[in-house]
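What follows is a predicted protein model with its sequence.
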Number of protein chains: 2
Amino acid sequence: MAKRDQSNNDMLKGTLDMMVLRTLILGDAHGHTIAKAIERGSDDLLEVEEGSLYPALHRLEERGWVSSYWGVSDANRKARFYRLTPAGKKQLRSEVGRWRQMAKAIGLVMGDVLKEGGEL
Amino acid sequence: MAKRDQSNNDMLKGTLDMMVLRTLILGDAHGHTIAKAIERGSDDLLEVEEGSLYPALHRLEERGWVSSYWGVSDANRKARFYRLTPAGKKQLRSEVGRWRQMAKAIGLVMGDVLKEGGEL
DNA sequence: AGAGCTTGACTAGAATTTCTAGGGGTGGCA
DNA sequence: TGCCACCCCTAGAAATTCTAGTCAAGCTCT
């Protein structure tokens, strides 16, 4: 499958949960679907590993941000669907706010270095 | 000292090194100075804990991105100064590229949700 | 019917980074 | 003298992600 490279890891720490919650706004979905949605949604810039996704899903459920149930996928296979709870929606709002702040703060610190023509 | 709240952690994972390297472009500096520079540079949105900074500095030196030497600070105290190495500059360029991509990818995935008037 | 591919869920263990919560030492000033 | 600001450091815990698998069932082709 040739992973893009290791550009992914590290920097998306803490953003996976946010992206999963965001994806579920569009409707219930199961793991496989969520991963593909995020990957395609990012123009394939991101790669979602199962080993990260499933623990994340379980984490989110444990905290009450999502609920789950067994169902049948489009491909007629048994699949566990996840649904965003009201608490999850609230959490998403909160995480989006934090992300906006972080991105802003980092932009401030990095300054010109981050701009397209940033001299380095 | 009343930390802002826990908004910091999590999401800036992997960005501390980048910000430290960026700060050193402006000239050699020691830990205390670097922390203050990042905090003030982010309009106090970020808080740099010593327990994160010093290990980061040692990590960067171990990898050859920075070199260090003992000196005397402006306040006339013994302090360990850090200097960006050529390899560190290269690393910074690489991390900046990764950050740009990450920010772009997340923007794509989040879509409207991230925009100022994002309906949620 | 059997082989093999695809979909789909899951987990143990390692790796990494950050935070918590401390411990020091020194210089300047009231 | 006492205290505060400056400055360095670390052990251990916490949290997330990745590596590298396992397992199962449906589909398709021969």
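Okay, I see it. Quick caveat: nothing in here was measured; it's all calculated off a predicted structure.

Is there proximity between the longest helix anywhere in chain A and chain B?
Counting by DSSP state H, the longest helix found in chain A is helix A:86-110. Yes. Residues of helix A:86-110 are located near chain B by CB under 8 Å from any CB of the partner chain, namely A:89, A:92-93, A:96, A:98-106, A:108-110. Every C-beta, even on glycine, is put in place using the N, C-alpha and C of the backbone.

Just want the most central residue of chain A.
By CA atoms, centre = their mean, chain A has its centre lying nearest to residue A:19, at 2.5 Å.

So which bits of chain A are right by chain B?
Looking at chain B, the residues of chain A close enough under CB under 8 Å from any CB are A:7, A:9-15, A:18-19, A:22-23, A:25, A:38, A:41-43, A:45-46, A:89, A:92-93, A:96, A:98-106, A:108-111, A:113-114, A:118, A:120.

if we go to 7 Å?
A:7, A:10-15, A:19, A:22, A:38, A:41-43, A:45-46, A:89, A:92-93, A:96, A:98-99, A:101-106, A:108-110, A:113-114, A:120 (CB under 7 Å from any CB of the partner chain).

follow-up on the earlier one: which helix or strand contains the residue nearest to the centre of chain A?
If you go by DSSP states H and E, residue A:19 is part of helix A:16-25.

which sections of chain A are below the confidence cut-off?
Within chain A, the segments meeting pLDDT under 70 span A:1-10, A:116-119.

Any residues of it in contact with DNA strand D? List them.
A:3, A:6, A:8-9, A:12-17, A:48-52, A:55-56, A:59, A:75-78 (CB under 7 Å from any atom of the strand).

Give me the buried entries from those residues.
A:8, A:12, A:14-17, A:48, A:56 (16 or more other CB atoms under 10 Å in any protein chain shown).

which of those sit farthest apart?
Across those, no pair lies farther apart than A:8 and A:17, at 15.5 Å, counting by CB to CB.

if we can go back for a sec, of the buried ones among the residues of chain A next to DNA strand D, closest to DNA strand D?
Of all those, DNA strand D sits closest to residue A:16, with 3.3 Å by CB to the nearest atom of the strand.

before we move on, the earlier item: filter the residues of chain A next to chain B to the buried ones?
Buried among those by 16+ other CB under 10 Å: A:7, A:11-12, A:14-15, A:19, A:22, A:38, A:41-42, A:45-46, A:92, A:96, A:98-99, A:101-103, A:105-106, A:108-110, A:113-114.

that older thread, now whichever helix or strand comes after the helix holding residue A:19, how far from the chain's geometric center?
Note on helix A:16-25: by DSSP H and E, the next helix or strand toward the C-terminus is strand A:29-30. Relative to the mean C-alpha coordinate of its chain, strand A:29-30 is positioned 13 Å out (CA atoms, centre = their mean, to the nearest Å).

Now tell me what touches the helix or strand just after strand A:29-30 from outside.
Remark: after strand A:29-30, the chain's next helix or strand is helix A:31-41, criterion DSSP H and E. Applying CB atoms under 7 Å, 6 or more residues apart in numbering or on different chains, the external contacts of helix A:31-41 come out as A:19-20, A:23, A:29, A:46-48, A:53-54, A:57, B:108-109.

rerun that using 8 Å as the cut-off
The contact list for helix A:31-41 (CB atoms under 8 Å, 6 or more residues apart in numbering or on different chains) reads A:19-20, A:23-24, A:26, A:29, A:46-48, A:50, A:53-54, A:57, A:73, A:79-80, A:82, B:108-109, B:111.
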